[in-house]
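Engineer: when you get a sec, could you give me coordinates for this:
(chains A, B, C and D)
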Number of protein chains: 2
Amino acid sequence: MPSLGPIGNFDLVKKINMEHALSTILQYRPLSRAKIASLTGLNKMTVSSCVDLFVQKGFVVELGTTGTSRGRPPTLVDLNEKAGICVGVDIEINHFTVLITDLLGKRLDSKVFPLQSKDPFFFVEKISIVLRDIVRDHGTRQLGIVGVGIVIPGYYNIRTDVVDFSANLQEWNDFPLRAELSKRVPDTAFYINPAPYAGAMGEVHFGGAKSAHHLVYVTSSWGLSAGVYSKGELFTGSTGTAGRLGHSTIHMNGKKCTCGSRGCWEMYASIKALYELLDTTPQALSFAEIVEGIKRGDSRMTSAVHELGHYQGIGLANVVNAYNPKVICIGGLLALLGPTLINSIWNTLREMIPERFLLNLEIYCSDLGELGIAHGGVSMVLRHLSGMIIEHSLLEQPKV
Amino acid sequence: MPSLGPIGNFDLVKKINMEHALSTILQYRPLSRAKIASLTGLNKMTVSSCVDLFVQKGFVVELGTTGTSRGRPPTLVDLNEKAGICVGVDIEINHFTVLITDLLGKRLDSKVFPLQSKDPFFFVEKISIVLRDIVRDHGTRQLGIVGVGIVIPGYYNIRTDVVDFSANLQEWNDFPLRAELSKRVPDTAFYINPAPYAGAMGEVHFGGAKSAHHLVYVTSSWGLSAGVYSKGELFTGSTGTAGRLGHSTIHMNGKKCTCGSRGCWEMYASIKALYELLDTTPQALSFAEIVEGIKRGDSRMTSAVHELGHYQGIGLANVVNAYNPKVICIGGLLALLGPTLINSIWNTLREMIPERFLLNLEIYCSDLGELGIAHGGVSMVLRHLSGMIIEHSLLEQPKV
DNA sequence: ATTATTTAGTATAACGTATATACTAAATAT
DNA sequence: ATATTTAGTATATACGTTATACTAAATAAT
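Structural biologist: Numbers count the residues shown, from 1 in each chain, chains lettered A, B, ... in the order given. Next up is the predicted model:
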């Protein structure tokens, strides 16, 4: 049975219509009250009462009028993007990145901090200091810190609310990340997701997959894993480890993997595999040099990437079969290989899957760059923006 | 952006609360109005007004009072399961099964019809006659035919509304099944889904996965494919072919498959593969005899099933990684192999996936039997029952 | 220049649903 | 026989949407 949500009453009606009005503003901003009414189907008065409340609380601002057509010129309204800030934190093995944005997701500041220890408490202490500074600097805004999106290099158990890594960073296993953060930085909303989930959300919000209804984002770097976004929300599975594709088998009895199994996709289609194909090491040949070589048309590197693309294609064929996405986005370092990679992926896909099942599919490489995953963290926060604004708007409403 | 649904007004409030009341009746029936109020959080008067409307329209009946506790004895109300009927149609290659149930999904009648031709029009004409008879016999009930759930041996494109098979039954490709059915049997709701999707819904509604939030149902017969049920709804993908796992690669460069690719799961873990392992044919050794042999403890057959289970396990490990389900249900003929199969599946899973990711997982074989898939078709209809009852209840409401 | 027309937005009263309060109904416990 | 408890109903109230009538402010037409 799908859960039924809240019961119907005046509160709910008000909230639903505020949500309609606000979402429309966020999507079409700036626009007039009249436009909101026609877009949403809401009554003019309903729109006015909602918008006026937002304006009164400072979440929405009235811009001037702009008379283009006939009749009384409309008063444009827009989100007050300064009414609060969002924070995205991208944790990697040796460092973490903190990104601060306004309510539109525009970068205000970002900073990289080294992680000298693999102890999760070391990270928690360090980020707490950073966050407390941010709260001090921005806490006076109407909304203060809307939330903090934490992106972790592994999985987070959404049932038990603890970290669920396996191989790398074993020290983090079973660490109650949210609880430890909340203890140190109270009254702050934390949203925690694995990197590929954040990547998917970032692409939908900021990247090339805007408003895609069915997206699979594949982080391809030293490891491989996927974030699945479907019909407006993440597909997490029962505990939050859906999309753990790096260790799915594409070649049983194949190469031994660090995870203990054999023939994992990761062994054939990650950067590690690329270096094996090139029979060299990152020390001898940096990844940037490979990217450069591809652009130059270096034949040895190109053919290695083609072979890598073939293996990527085998795994992505499984992705197509499993999730039937509309869009596949390649993220991580391998995204820099661009069309060279994509082409050979397509070649393999066409060999493996009947044309019929490929008609509705696009594949592209992310171009959000360095801060892409941190922006994904911000998008996890922005997803809750309208709910938070509505909550604040209904707070302390003076009874007449 | 998640779509925002209807705007908030009195109609919506009424519908939401009717939905709460009715769903509670369906789930806890029979029960009193007071109990509905306490379970839903609705006001007593709200519950009364909803229930009274249902009773007046004949969808809900008042049973007698049952005084157990102190105080005025409650009046129990229950769904009037005779207020309409549901139809499930399970199409297979050579025949189709029609199941008629009451509003609780209880079998009223079922019948198997041969399919002498592979022409989809042949099927459509034949089922139309059957359905028109059903309409004639049951059309007078309050709801008439709530809907017809059609289960097809392949995929259905939910974007273009046409059949999307590939290899088997190529004649059906691009056939606009819903349109052709609606043309012949008007004013009837048709719900069309592939067999594994229906299987998943059937298990959630009638089988061993009741109210599971994350289920993957794997039909294992001559082919393999999966239906994914997550958080109260099917995971369909963008066109409706998600879960096409029979042709996902578990052994690249492996056995050539009928689909043109190589190393498909289906080549190693289906009944076809079992017969290859046993080096015999269905003519020489029926599947029923194999099932019998397993129960008897026949060592040759048992070891073949163990090996089959190993290959099933490899594919199911990929299922666990991809979808992170709480429950995996094995359906189709291989479900009859029961614990023998399940045990070796578990052995392989434990070799391939860290214990941490298996803690929240159950695997079982479906025991819904012969009519399981047809019941899945019925569950596709029942999913719309409360909505349909509410719609009918609000129809022709006399204005005061 | 004046008037008609068009579009934006507001004021006000009516509508309809939930809800609180007071009530009746019907049982058991004292 | 009375008090108490629980179920369910009757009635008045509260409140957000909504229809109607209105004001505001622009352009187009005369």
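Engineer: which other helices and strands contact the one helix or strand A:Tyr275 maps to?
Structural biologist: Taking DSSP states H and E as the criterion, A:Tyr275 maps to helix A:271-278. Using 3 or more CB pairs under 8 Å, 6 or more residues apart in numbering or on different chains; DSSP states H and E as the contact test, the elements touching helix A:271-278 are helix A:266-269, helix A:287-296, helix A:299-323. All C-beta atoms are positioned from the backbone trio N, CA, C, and that covers glycine.
Engineer: who wins for proximity to chain B among those?
Structural biologist: Of all these, helix A:299-323 sits nearest to chain B, with 4.3 Å by CB to the nearest CB.
Engineer: what's the most buried one of the helices and strands packed on helix A:271-278?
Structural biologist: helix A:266-269 (a mean of 26; mean count of other CB atoms under 10 Å in any protein chain shown).
Engineer: who are the packing partners of that helix?
Structural biologist: helix A:271-278, helix A:299-323.
Engineer: possible to save those as JSON lines with mean pLDDT?
Structural biologist: As requested, the helices and strands packed on helix A:266-269 are exported to JSON lines (pLDDT from 0 to 100):
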{"stretch": "helix A:271-278", "mean pLDDT": "96"}
{"stretch": "helix A:299-323", "mean pLDDT": "97"}
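Engineer: and those as CSV, adding distance to DNA strand D?
Structural biologist: What follows is the helices and strands packed on helix A:266-269, written out as CSV (distance: least, CB to the nearest atom of the strand, whole Å):
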stretch, distance to DNA strand D
helix A:271-278, 53
helix A:299-323, 38
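Engineer: enumerate the residues of the stretch 251-400 of chain A near chain B.
Structural biologist: Selection of the stretch 251-400 of chain A residues close to chain B by CB under 8 Å from any CB of the partner chain yields A:251-253, A:259-261, A:263, A:314, A:317-318, A:321-326, A:351-354, A:356-357, A:359-360.
Engineer: and the helices in chain A?
Structural biologist: Counting by DSSP state H, residue ranges of the helices within chain A are A:10-28, A:33-40, A:44-57, A:120-138, A:177-184, A:195-205, A:266-269, A:271-278, A:287-296, A:299-323, A:338-352, A:372-382, A:385-394.
Engineer: could you dump those helices to JSON lines with distance to A:Gly332?
Structural biologist: Compiled in JSON lines, the helices of chain A are given as follows (distance: least, CB to CB, whole Å):
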{"stretch": "helix A:10-28", "distance to A:Gly332": "29"}
{"stretch": "helix A:33-40", "distance to A:Gly332": "37"}
{"stretch": "helix A:44-57", "distance to A:Gly332": "39"}
{"stretch": "helix A:120-138", "distance to A:Gly332": "21"}
{"stretch": "helix A:177-184", "distance to A:Gly332": "22"}
{"stretch": "helix A:195-205", "distance to A:Gly332": "8"}
{"stretch": "helix A:266-269", "distance to A:Gly332": "11"}
{"stretch": "helix A:271-278", "distance to A:Gly332": "8"}
{"stretch": "helix A:287-296", "distance to A:Gly332": "11"}
{"stretch": "helix A:299-323", "distance to A:Gly332": "11"}
{"stretch": "helix A:338-352", "distance to A:Gly332": "11"}
{"stretch": "helix A:372-382", "distance to A:Gly332": "9"}
{"stretch": "helix A:385-394", "distance to A:Gly332": "27"}
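Engineer: between those helices, which one is closest to B:Asn157.
Structural biologist: Evaluated with CB to CB, those place helix A:299-323 nearest to B:Asn157, the distance being 14.6 Å.
Engineer: hmm, back to that, contacting residues around the helix holding A:Tyr275?
Structural biologist: A:220-222, A:266-267, A:281-282, A:285, A:287, A:290, A:300-301, A:304-305, A:307-308, A:311, A:333-334 (CB atoms under 8 Å, 6 or more residues apart in numbering or on different chains).
Engineer: change it to 7 Å
Structural biologist: Contacts to helix A:271-278, defined as CB atoms under 7 Å, 6 or more residues apart in numbering or on different chains, come from residues A:221-222, A:267, A:281-282, A:285, A:287, A:301, A:304, A:307-308, A:311, A:333-334.
Engineer: so in chain A, where's the weakest helix or strand by average pLDDT?
Structural biologist: strand A:60-65 (a mean of 92; mean pLDDT, DSSP states H and E).
Engineer: for it, list the C-alpha coordinates in PDB.
Structural biologist: Written as PDB, here are the backbone C-alpha positions of strand A:60-65 (Å, rounded to 0.1, in the frame of the first residue of the first chain):
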ATOM      1  CA  VAL A  60      10.000  36.800  -2.500                       C
ATOM      2  CA  VAL A  61      10.600  40.300  -3.800                       C
ATOM      3  CA  GLU A  62       8.600  42.500  -6.000                       C
ATOM      4  CA  LEU A  63      10.500  43.900  -9.000                       C
ATOM      5  CA  GLY A  64       9.200  46.800 -10.900                       C
ATOM      6  CA  THR A  65       6.500  46.600 -13.500                       C
END
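Engineer: given that strand, what are its sheet partners and their directions?
Structural biologist: strand A:75-79 (antiparallel) (DSSP bridges).
Engineer: so the strand it pairs with, near DNA strand C or not?
Structural biologist: Yes: residues of strand A:75-79 contacting DNA strand C under CB under 7 Å from any atom of the strand: A:Thr75.
Engineer: so for stretch A:132-149, what gets flagged as buried?
Structural biologist: A:Ile134, A:Val135, A:His138, A:Arg141, A:Leu143, A:Gly144, A:Ile145, A:Val146, A:Gly147, A:Val148, A:Gly149 (16 or more other CB atoms under 10 Å in any protein chain shown).
Engineer: residue contacts, the third one?
Structural biologist: It stands for A:His138. A:His138 sits in contact with A:Ile85, A:Gly144, A:Ile145, where contact means CB under 7 Å, 6+ apart.
Engineer: give me that answer again for 6 Å
Structural biologist: A:Ile85 (CB atoms under 6 Å, 6 or more residues apart in numbering or on different chains).
Engineer: gap between it and B:Ala83?
Structural biologist: 58 Å (CB to CB, to the nearest Å).
Engineer: now the residue of the stretch 51-200 of chain A found nearest DNA strand C. Its backbone dihedrals?
Structural biologist: At 2.1 Å from DNA strand C, A:Gly71 is the closest residue in the stretch 51-200 of chain A, using CB to the nearest atom of the strand. The phi/psi pair for A:Gly71 (degrees, to the nearest 10) reads phi 80, psi 180.
Engineer: give me the neighbour count for it.
Structural biologist: 7 (other CB atoms under 10 Å in any protein chain shown).
Engineer: just the pLDDT at it, thanks.
Structural biologist: With respect to pLDDT, A:Gly71 scores 87.
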